[in-house]
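Participant: okay, here's the prediction I keep looking at, along with the sequence it came from:
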Amino acid sequence: MDLFNFLSYGFMQRAVIAGSFIAALCAILGVFLVLRRLSLIGDGLSHVTFGALALGLFFNVTPVYIALPLVVLSSLGIMKLTDAQHIYGDAAIGIVSALGIAIGILLVSITKGFNIDLFSYLFGNILAISKAEVGMSIALAVAVITVVALFYYDLVAVTFDEECAQAEGINTKAINKILVVLTAVTVVLAMKVVGIMLVSALLIVPTATALQIAKSFKMTLLAAVIVALVSVWTGIMLSFFLDWPSGATIVLVSLVLFISSFLYRKIRK
């Protein structure tokens, strides 16, 4: 089979389109999360997503419709615990994620084992993405990127110096809530690409790679998006030709790019 003929298949076209939007979204948000040292929130919300998906499958409801509102509410719950109860951010993430994973395990136990659909969400199967899921991914990705664009300067200010941003009149609490809600939506979208277990990698690794080579904030954003896109495109192609799991392949490609950028920086020094 010719290398580029695989794009003639409808399921491959859907995978590349949805994967591209979600990759760009993860890369953009990942830059803000990594620089704010909130990388673990993606991992914590992915555990909540597991519980929400198990709940949806338990009641025979489309998992995304259950996961999206529950994960968004959980992200706001993390902020509430951090602000009102004086609990450190990582502890709040741990509490909420523990609740999510416990509920998920309980429901899986009640249903007597793993459902095939739940397994695909856990480890990702972008090659099986449907037209409806592609449409939802594009719509939500565009909405999230639009919100980031509208609040770009406030997000940047809070990212680099929250106290200074507050002194300048920026509502830092509102900006933090916007950031965690956008992250929640992104985690739910990315679960079909790389799976719940690996979603934090798509948020963190492209940014870590970009930070090795970029010299400004905007260049870091651009480099992270490029790395994420290359990781998804290459991962989809390799998983198709080599019959590898798509989520794991995408993450492995992104890790290879990170190691390459790390070595490149060391050599230059």
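Facilitator: Nice, thanks for sending it over. Residues are numbered from 1 along each chain as shown.

Participant: just the helices from this structure, written as ranges.
Facilitator: 10-35, 40-58, 63-84, 89-110, 116-123, 131-150, 152-160, 162-167, 172-190, 199-213, 217-242, 246-268 (DSSP state H).

Participant: as JSON lines, these with mean neighbour count would be great.
Facilitator: C-beta coordinates here come from the backbone N, C-alpha and C atoms, glycine included. Listed next are the helices of the chain as JSON lines, based on neighbours: other Cβ atoms under 10 Å:
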{"stretch": "helix 10-35", "mean neighbour count": "23"}
{"stretch": "helix 40-58", "mean neighbour count": "25"}
{"stretch": "helix 63-84", "mean neighbour count": "19"}
{"stretch": "helix 89-110", "mean neighbour count": "17"}
{"stretch": "helix 116-123", "mean neighbour count": "18"}
{"stretch": "helix 131-150", "mean neighbour count": "16"}
{"stretch": "helix 152-160", "mean neighbour count": "17"}
{"stretch": "helix 162-167", "mean neighbour count": "14"}
{"stretch": "helix 172-190", "mean neighbour count": "22"}
{"stretch": "helix 199-213", "mean neighbour count": "25"}
{"stretch": "helix 217-242", "mean neighbour count": "20"}
{"stretch": "helix 246-268", "mean neighbour count": "18"}
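
Participant: pLDDT below threshold where in the stretch 51-200 of the chain?
Facilitator: The stretch 51-200 of the chain contains residues with pLDDT under 70 at 84-90, 111-120.

Participant: swap in 90 and give it another go.
Facilitator: Low-confidence segments of the stretch 51-200 of the chain, defined by pLDDT under 90: 51-145, 148, 158-174, 176-180, 182, 184-200.

Participant: who touches residue 81 in this structure?
Facilitator: 87, 91, 92, 95, 96 (Cβ atoms under 8 Å, 6 or more residues apart in numbering).

Participant: any idea how far residue 243 is from the residue most central in space within the chain?
Facilitator: Central residue of the chain (Cα atoms, centre = their mean): residue 187, 4.0 Å from the mean position. Distance, residue 187 to residue 243, by Cβ to Cβ, to the nearest Å: 27 Å.

Participant: for residue 190, same thing?
Facilitator: For residue 190, the distance to residue 243 (Cβ to Cβ) stands at 22 Å.

Participant: kindly report the same for residue 229.
Facilitator: For residue 229 relative to residue 243 (Cβ to Cβ), the value is 23 Å.

Participant: try residue 109
Facilitator: 31 Å.

Participant: for the residue nearest to the centre of the chain, what are its contacts?
Facilitator: Counting by Cβ under 8 Å, 6+ apart, residue 187 has contacts 42, 45, 46, 49, 71, 199, 203.

Participant: and what of residue 210?
Facilitator: 27, 31, 219, 220, 221, 222, 223, 224, 227.

Participant: cutoff 6 Å now
Facilitator: 220, 223, 224 (Cβ atoms under 6 Å, 6 or more residues apart in numbering).

Participant: hang on, residue 104 packs against residue 53?
Facilitator: No. With contact defined as Cβ atoms under 6 Å, residue 104 does not count as touching residue 53 (7.2 Å).

Participant: and for residue 208, nearest residue in space, chain neighbours not counted?
Facilitator: Of all residues not flanking residue 208 in the chain, residue 258 sits nearest, at 5.7 Å (Cβ to Cβ, 6 or more residues apart in numbering).

Participant: contacting residues for that neighbour?
Facilitator: Residue 258 touches 205, 208, 209, counting by Cβ under 6 Å, 6+ apart.

Participant: ok, of these, which one's closest to residue 142?
Facilitator: Nearest to residue 142, judged by Cβ to Cβ, of the contacts of residue 258 is residue 205 at 23.5 Å.

Participant: now the closest one. Nearest residue, chain neighbours left out?
Facilitator: residue 254 (4.4 Å).

Participant: surely that neighbour and residue 231 touch.
Facilitator: Yes. At 3.8 Å, residue 254 counts as touching residue 231 under the criterion of Cβ under 6 Å.
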